[in-house]
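Undergrad: The following comprises the amino acid sequence and a computationally predicted model.
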Amino acid sequence: MVFRVGGRERVKGGFDGGVTTTFDAVYHDIVPRERIVYAYEMHLDERKISVSLATLQIRPEGEGRTRLLVDEQGAFLDGYDDVGKREQGTRDLLEKIAASLRH
């Protein structure tokens, strides 16, 4: 992961049954403590299933509190259309981040 404008992030992992997922992103805009914009492709094995643009906005909200706003536009390709799983996966990751910050 190279976290800078123009930097890239690549995460590859496997699931039960042997399916491999790949997240391949490039960072387009980073404003410290305000905003992160990145585009990414998702693959199942070698098949590209989607291309997305994500914007994370970070806003202070009272003493010691921060609100994270996530906006994502996605193009699901070649019959792959599972917005529900994508949303759930994002929610799971954000909940893990929140849990780690509470400890």
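TA: Yep, that arrived.
Undergrad: What is the top strand by length along the chain packed up against?
TA: Looking across the chain with DSSP state E, the single longest strand is strand 47-60. On a contact count with 3 or more CB pairs under 8 Å, 6 or more residues apart in numbering; DSSP states H and E, strand 47-60 meets strand 35-44, strand 66-76. All C-beta atoms are positioned from the backbone trio N, CA, C, and that covers glycine.
Undergrad: I'd like those strands written out as JSON lines, with mean pLDDT, mean neighbour count and distance to residue 20 added.
TA: Formatted as JSON lines, those follow (pLDDT from 0 to 100; neighbours: other CB atoms under 10 Å; distance: least, CB to CB, whole Å):
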{"stretch": "strand 35-44", "mean pLDDT": "96", "mean neighbour count": "17", "distance to residue 20": "7"}
{"stretch": "strand 66-76", "mean pLDDT": "92", "mean neighbour count": "12", "distance to residue 20": "19"}
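Undergrad: Distance to residue 2 added to those, as TSV?
TA: Listed next are the helices and strands packed on strand 47-60 as TSV, based on distance: least, CB to CB, whole Å:
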stretch	distance to residue 2
strand 35-44	12
strand 66-76	21
